[in-house]
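# pasting the sequence and the predicted model now:
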Amino acid sequence: MKIKFLTKKMFRRRPSEFISVQTDNFLRKLKSRPFFTEYISNVFMKNVKPNITDKSLTLSVLTDSHEKAVASASYYGLNGVRHIIEANEASDKLPVDYNIHLGDMIDGSDKPEISRGLLQFTMENYQKSIHPFFVLEGNHDENDKYDEHKFVNSASFGRDDYYNIVTKADFEQPEIKRLNSVSKVAWIDKGDIRVIFLNTSDIPYILNGGTKKYDFKKVRGIREQQLDDLISILEKTVDKHVVVFGHANLISPAGRSALNFNGDLVQQIFTSFNNKDIGELKNELSGDFGVDLHFNFTDTGISKISNYICGHMHYEKYFKVAGINHIILNCSALMGKQHGLTTDYNKKWDRRYNEISELAGYFININPDKMLLQIFGYGAATRFVSFEI
């Protein structure tokens with residue numbers, strides 16, 4: 001059943017965006033379900049905690065929650081919001097280092113005021129949690145799905161809407177590092193471990209007659225400035241175990257770009273870094289996605305990029321290209337088996353509301369003592385898989 005919200009004329013003003021009063025009031029009534037928080041905690045205590053050491057880094061990871069203002073018991077809806085509330089509440093009582101969301105927090109198909117309200121409410125939940133957090137941008141998070149479906153003549157999200165609600169909160173935390181105030185590449189460190197976050201929705205916000213030149217939902221890419229920042233960070237990464245996270249998969253198992261723009265160039269940076277190369281990074285494009293850069297990875301010691309982890313595809317998959325594991329995690333959003341867009345992977349789980357299969361989340365432990373990246377899934381997720389670092 002659809003939840004009714006007030007019209008735009010009835011909004012109250014918040015510091016950076018308009019949010020429906022009724023949307024806000026309804027969301028604040030959402031509470032965690034003890035069964036689910038206890039289940040998540042028990043998974044951690046039984047499977048994850050025995051593998052934690054002083055040197056290891058442990059992350060609570062969700063992706064593709066696809067929040068919508070719909071009380072759905074079989075598909076995308078407010079269950080995505082509740083899953084985040086429950087995962088963060090469980091993590092508050094656990095020795096987790098960071099709470100991570102890999103993007104597509106919202107489905108981006110609601111009215112803009114409602115989508116902004118969902119983003120704001122969810123970010124407040126991350127900000128109130130005990131652990132530091134990082135939320136990546138997904139291709140749904142700019143609300144372009146709404147624009148597509150409604151055939152509107154103007155972009156429903158402004159240029160800075162997502163930044164003001166989500167990205168700004170990410171970088172207000174001292175634990176989250178970046179090269180400068182405009183860089184889209186972030187990283188965190190713990191001992192010999194470095195985790196880097198890339199924005200695979202690095203698409204220019206350009207309006208042509210009020211509509212966007214690029215549909216953020218359909219176009220995924222990484223531009224030259226982000227690649228330059230990644231190179232700069234890696235050139236100064238010495239004797240580190242490096243793991244990279246993004247929203248969308250960079251390349252296919254055959255090594256071809258899985259992004260519309262420059263996914264293969266990111267893979268080239270990864271392999272050049274591992275090989276301690278000096279060289280040039282260049283494509284045949286010009287304009288918005290043209291690239292012409294140089295790198296020198298000769299002074300990085302024993303550093304190695306071992307794994308790239310993402311969501312986006314709504315299934316699980318693992319493959320290796322040029323010595324680097326590419327790991328795709330399942331969506332946290334409920335995907336009932338009767339829906340047309342539900343992937344075969346999720347149909348096999350037969351995911352159901354108020355059952356364990358409703359959820360899909362992960363604890364990821366990077367352990368330099370064991371030289372392993374260990375992934376512990378719960379709900380509609382593989383229970384355990386490990387990769388070398």
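The structure has been received and is ready for your questions.
# going by C-alpha atoms from here, please, whenever you check contacts or count neighbours.
Will do.
# where are the low-confidence patches of the protein?
Applying pLDDT under 70 to the chain flags the ranges 1-23.
# can you give me the helices for it?
Along the chain, the stretches classed as helices by DSSP state H are 21-27, 34-43, 79-92, 112-128, 144-150, 161-162, 168-171, 224-235, 263-274, 344-349.
# strands along the stretch 101-250 of the chain, start to end?
133-135, 186-190, 193-197, 207-208, 211-212, 241-245 (DSSP state E, counting those that start in this stretch).
# and the residue nearest to Met123 when sequence neighbours are not counted, how many neighbours?
Once flanking residues are discounted, Met123 sits nearest to Val166: 6.5 Å by Cα to Cα, 6 or more residues apart in numbering. Around Val166 there are 21 other residues, counting by other Cα atoms under 10 Å.
# what's the distance between the residue nearest the centre of the chain and Asp141?
Among the residues of the chain, Leu102 comes closest to the average C-alpha position under Cα atoms, centre = their mean, at 1.2 Å. As judged by Cα to Cα, to the nearest Å, Leu102 and Asp141 stand 11 Å apart.
# ditto for Ser91
Ser91 is 24 Å from Asp141, where distance means Cα to Cα.
# who has more neighbours out of those two?
When neighbours are counted by other Cα under 10 Å, Asp141 comes out ahead of the other of Ser91 and Asp141, with 27 against 24.
# give me the phi and psi for that one.
phi -80, psi 0 (degrees, to the nearest 10).
# list the contacts for it?
Gly103, Asp104, Met105, Ile106, Asp107, Gly108, Tyr162 (Cα atoms under 8 Å, 6 or more residues apart in numbering).
# one more time with 7 Å, if that's ok
Counting by Cα atoms under 7 Å, 6 or more residues apart in numbering, Asp141 touches Asp104, Met105, Ile106, Asp107, Gly108.
# any idea how many residues pack against the first one?
A count of neighbours around Asp104, defined by other Cα under 10 Å, yields 29.
# and the nearest residue to Lys347 once chain neighbours are set aside, how many neighbours?
Using Cα to Cα, 6+ apart and skipping the chain neighbours, the partner closest in space to Lys347 is Lys337 (4.4 Å). Using other Cα under 10 Å, Lys337 is surrounded by 20 other residues.
# how far away is Lys337 from Asp54?
Taken as Cα to Cα, the span from Lys337 to Asp54 is 42 Å.
# repeat for Gly263
In terms of Cα to Cα, Gly263 sits 34 Å off from Asp54.
# quick one, which of the two is more surrounded?
Counted by other Cα under 10 Å, Gly263 and Asp54 do not tie: Gly263 has more neighbours, with 23 against 9.
# what sits against the more buried one?
Gly221, Leu250, Ile251, Ser257.
# pretty sure the first one contacts Asp202?
Yes: between Gly221 and Asp202 a contact is recorded at 5.6 Å, counting by Cα atoms under 7 Å.
# burial of the closest residue to His326 other than its chain neighbours, as a residue count?
Of all residues not flanking His326 in the chain, Tyr308 sits nearest, at 4.9 Å (Cα to Cα, 6+ apart). Counted with other Cα under 10 Å, the neighbours of Tyr308 add up to 23.
# partner residues bridging Val242?
Assessed by DSSP bridges, Val242 has beta-bridge partners Arg194, Ile305.
# tell me how far it lies from Leu359.
In terms of Cα to Cα, Val242 sits 28 Å off from Leu359.
# so which of these two has more stuff around it?
Leu359 (30 against 22).
# list the contacts for that one?
Contacts of Leu359 (Cα under 7 Å, 6+ apart): His83, Ser332, Leu334, Gly379, Ala380.
# quick one on the thing from earlier: mind putting the helices of the chain in TSV, distance to Glu280 included?
Formatted as TSV, the helices of the chain follow (distance: least, Cα to Cα, whole Å):
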stretch	distance to Glu280
helix 21-27	50
helix 34-43	46
helix 79-92	41
helix 112-128	39
helix 144-150	35
helix 161-162	33
helix 168-171	30
helix 224-235	11
helix 263-274	10
helix 344-349	40
